[in-house]
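In: Sequence first, predicted coordinates after that:
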Amino acid sequence: MSEFKQLYKPLLDSACWQSPDSVALEGTEFGHWLLEPDSLSRRLERHCDTFTVSLLEQQKIDKSLLSDDERALLGDKECLMRKVVLRGDGQPWVFACTLIPLSTLTGQERDLEQLGEIPLGFRVFTDRSARRDALVVANVGSEEKPLWARRSRLWINDKPLLVAELFLTQAPVYSKESQC
């Protein structure tokens, strides 16, 4: 499992994030996946018989470990960092890293700390107040063999969290048959 953290977290950290408009995603085979406004977990679940989440790591991190971008989106706050792999029929599809400010983990949102292997999207997008903004994308692969990532800020009851998702090579985002 640590191979995911060692290989994929550095890719997300070094991503050159761009607005979806500047990458011209509309009408591409993968664009609708990267622009998905609702739960990515729910969408992935429709493309397999068994959808699972493997929790790789969850720990509190000091605000000094946040990048300038992350601070701008979340504030200068300590966070809970959660790293997971989303799997379809046992195949690793998405590596995700979520930053949740400790100030978000209050009231009803306190349960976000206890998700374990429950998909974050299953919890967040059941709340009527849930919304997504600050969506950016990056190709951390090559032009010939793209490896797409997206990062967005989610809001639940006006409390932010930041999710970065790396679509791994076996993910349906790269399959022409899975455009729905």
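Out: Yep, that arrived. Since we're looking at a predicted model, the values are computed, not measured.

In: so Asp133 sits in a helix?
Out: No. Per DSSP: H, G, I helix; E, B strand; the rest coil, Asp133 lies outside any helix segment and is strand.

In: Tell me what it is bridged to.
Out: Taking DSSP bridges as the rule, Asp133 bridges to Arg153.

In: got a list of what it touches?
Out: 152-153, 155 (CB atoms under 8 Å, 6 or more residues apart in numbering). (Glycine included, C-beta is placed from N, CA and C.)

In: For Ala138, grab phi and psi.
Out: phi -160, psi 150 (degrees, to the nearest 10).

In: before we move on, what about Thr106?
Out: phi -130, psi 160.

In: Please apply the same query to Arg43.
Out: With angles defined as degrees, to the nearest 10, Arg43 sits at phi -70, psi -40.

In: go on, Ile61?
Out: Note on Ile61: its backbone torsions stand at phi -130, psi 150 [degrees, to the nearest 10].

In: ok, back up a step: between the contacts of Asp133, which is closest to Thr169?
Out: Of all the contacts of Asp133, Thr169 sits closest to Ser152, with 21.7 Å by CB to CB.

In: Leu161 is in contact with that closest one, correct?
Out: No. The criterion here is CB atoms under 8 Å, and Ser152 misses it with Leu161 at 9.7 Å.

In: Show the contacting residues for the residue nearest to Pro37 when sequence neighbours are not counted.
Out: Among residues not flanking Pro37 along the chain, Arg132 sits closest, at 5.6 Å (CB to CB, 6 or more residues apart in numbering). With contacts defined as CB under 8 Å, 6+ apart, the neighbours of Arg132 are 37, 152-155.

In: can we see that at 10 Å?
Out: 35-39, 124-125, 152-155, 163 (CB atoms under 10 Å, 6 or more residues apart in numbering).

In: sorry, back to before: output the contacts of Asp133 as CSV; include the columns distance to Thr50, pLDDT and neighbour count.
Out: Converted to CSV, the contacts of Asp133 look like this (distance: CB to CB, whole Å; pLDDT from 0 to 100; neighbours: other CB atoms under 10 Å):
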residue, distance to Thr50, pLDDT, neighbour count
Ser152, 26, 97, 21
Arg153, 30, 97, 18
Trp155, 30, 95, 17
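
In: Make TSV from those and add distance to Glu113 to it.
Out: Listed next are the contacts of Asp133 as TSV, based on distance: CB to CB, whole Å:
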residue	distance to Glu113
Ser152	20
Arg153	18
Trp155	17
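
In: now, which of those residues sits nearest Gly75?
Out: Nearest to Gly75 among those: Arg153, at 11.1 Å, using CB to CB.

In: just for this structure, where's the confidence low?
Out: When residues are selected by pLDDT under 70, those of the chain lie in 1-3, 5, 176-180.

In: Show the residue spans covered by the helices in it.
Out: 2-13, 20-23, 31-34, 40-45, 68-74, 120-124 (DSSP state H).
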